[in-house]
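Visitor: sequence plus the predicted model coming up.
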Amino acid sequence: MIRDRRARIVATLGPASRGVARIAELARAGADVFRVNFSHGVHDDHARTIADVRAAEAVVGRPLAVLADLQGPKIRLGEFADKTVRIRPGQDFRLDLSEVPGDASRVGVPLAEVFAALRPGADILLDDGKVRLKVRRCGKDFADTVVVSGDSLSDHKGLNLPGLAIPIPALTPKDRQDLAFALNEGVDWVALSFVQRASDMAELRQIVQGRASVLAKIEKPAALEALDEILDLCQAVMVARGDLGVELNPEDVPVVQKALIRAARTRGIPVIVATQMLESMIHSPTPTRAEASDVAGAVYEGADAVMLSAESAVGDYPVEAVTIMDRILSRVEQDPRWSELMRAEYPVDDADADALVAAARRAAEAASTACLVTFTTTGQTAMRMARERPLQPILALTPYPAAARRLALVWGVESKVTEAISDPEDLARAAVEQAMEMGLAGPGQRVLILAGLPMGSPGAANILRLAHTPRR
């Protein structure tokens, strides 16, 4: 089952998309990666979901990736005695560490680190920015504020501190338990939420030890100040526009999105654009025109993948949402302007492997070239090739199912598990056979082959060969 497009689709699984049959239906509609959101559900549910993805993979005959999305340190208010209170701009409102249920004048925040980060004049956003407070006075266990905007609050609403780094680790005790479970279940990607500093990713990598690929979710403006260091430690990045949009001005979010996509492309790591892409399709069978343009914009910018959240997890039309997203991606890639944008030059490192990959892309511009074939053990060679954005499909051949699955997230890569090649003389034969079998090359076409010697050495791409399929 070959995609007739280069960008990929991440679909979140939930009550609306459970079971092998439904997951296979979503995969046939266009989903490549399935996100398991550890903010909801229990381990038994997640184990069944992951097993269902593996079973659906066998049904559709295409590698499918599982992305475990850790909850992270989501900061929330405590409880109110009446569940909901009315507030008004200009009134005083106190936050404190007390566990006593709140009222219209105060509420608890069960995290001392919040008060450690505050200072007079700081803004506090509650309930995704619907309520804004200004700090007048604060201490180690309280903050006296004035309500700037908003009219109501209820139990456990989220709290954000724009412009302030909260001194808490990105991995909570719950995340550590979820991570151990996810790795034991064999997930392909792990996403770390609320990354603020490079040390957050370093800690995750230390725990994962290569058992999955790691992804940084950029949700906090503080992460933008350490972006280079964070990207150096992750294997993919997500532009999580929901939480970014709470702490950033609305006009800043598109600019940050473009900057993050360019930074990821420069490094050659996959980048996902997420949140509210087709949100109206939670309850509507069709998206708004603005949403379609939003998805298309991410494709024009060169994102590796776009993501569905509630649309596929709890929405009324999960398959339709994936189908329409697939149609938007395919239509954009038929636009001649899209191919011009993909040919835009990006800096290439001096490493011999990257120079060879860049040469492969230039060689692939010949009209007779049907596809590029990479032989890879970890997926790195295919990812380097995808960085160059060739307009021909990239076929990644690997003896390792885990590598094939991880590549399901990567722009333009079709991966397949094959027998290991030990003899360099077999490269051309295997590449041509697989390209023709998968329908990526026809009779008399040219196939470009990228591999490394010795065979099976990770990251050692040092051979570029040409081969031709037989003429009938």
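Guide: Thanks, I have it.
Visitor: and Leu153, bridged to which residues?
Guide: For Leu153, the beta-bridge partners are Val85 (DSSP bridges).
Visitor: right, and it touches Leu77 too?
Guide: Yes. With contacts counted by Cβ atoms under 8 Å, Leu153 reaches Leu77, the gap being 7.0 Å. From N, CA and C alone the C-beta is placed, and that goes for glycine too.
Visitor: overlap in contacts of these two?
Guide: Val107, Leu126 (Cβ atoms under 8 Å, 6 or more residues apart in numbering).
Visitor: please spell out which residues along the helix or strand of the chain with the lowest mean pLDDT are buried.
Guide: The helix or strand of the chain with the poorest confidence is helix 352-363; it has a mean of 76 (mean pLDDT, DSSP states H and E). Going by neighbour count (16 or more other Cβ atoms under 10 Å), the buried part of helix 352-363 is Ala353, Asp354, Leu356, Val357, Ala358, Ala360, Arg361.
Visitor: same check on stretch 111-125?
Guide: Leu111, Val114, Phe115, Ala117, Leu118, Ala122, Asp123, Ile124, Leu125.
Visitor: what sits up against it?
Guide: Applying Cβ under 8 Å, 6+ apart, the set of residues contacting stretch 111-125 is 75, 95, 97, 109, 131-143, 145, 148, 159-168, 246-247.
Visitor: of these, grab the buried ones for ChimeraX.
Guide: Buried members of these, defined by 16+ other Cβ under 10 Å, are picked up in ChimeraX with:
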select :75,95,109,131,132,133,135,138,142,143,145,159,160,161,162,164,166,168,246,247
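Visitor: among the contacts of stretch 111-125, which lie within helices?
Guide: Members of these lying in helices (criterion: DSSP state H): Val246, Glu247.
Visitor: looking at the contacts of stretch 111-125, which are in strands?
Guide: In this view, the contacts of stretch 111-125 that belong to strands under DSSP state E are 95, 131-139, 142-143, 145, 148, 159-160.
Visitor: can you tell me which of the residues you listed is closest to Ala7?
Guide: Proximity of those to Ala7 (Cβ to Cβ) peaks at Asn160, which lies at 30.3 Å.
Visitor: quick check: pLDDT value at the closest one.
Guide: Reported pLDDT at Asn160 in the predicted model: 91.
Visitor: OK, contacts around it?
Guide: Contacts of Asn160 (Cβ under 8 Å, 6+ apart): Ile75, Ile124, Leu125, Leu126, Gly129, Asp243, Val246, Glu247.
Visitor: and the first one, how far is that from Val299?
Guide: It refers to Ile75. 34 Å (Cβ to Cβ, to the nearest Å).
Visitor: just Glu433 next, same as before
Guide: Taking Cβ to Cβ as the measure, Glu433 falls 32 Å from Val299.
Visitor: of these two, who's got more company?
Guide: The residue with more neighbours, out of Glu433 and Val299, is Val299; 25 against 14, by other Cβ atoms under 10 Å.
Visitor: now that one: how far from Gln334?
Guide: 11 Å.
Visitor: tell me the helices and strands packed up against the helix ranked longest in the chain.
Guide: Counting residues, the longest helix found in the chain (DSSP H) is helix 43-60. Here helix 43-60 touches helix 20-29, strand 33-37, helix 173-184, going by 3 or more Cβ pairs under 8 Å, 6 or more residues apart in numbering; DSSP states H and E.
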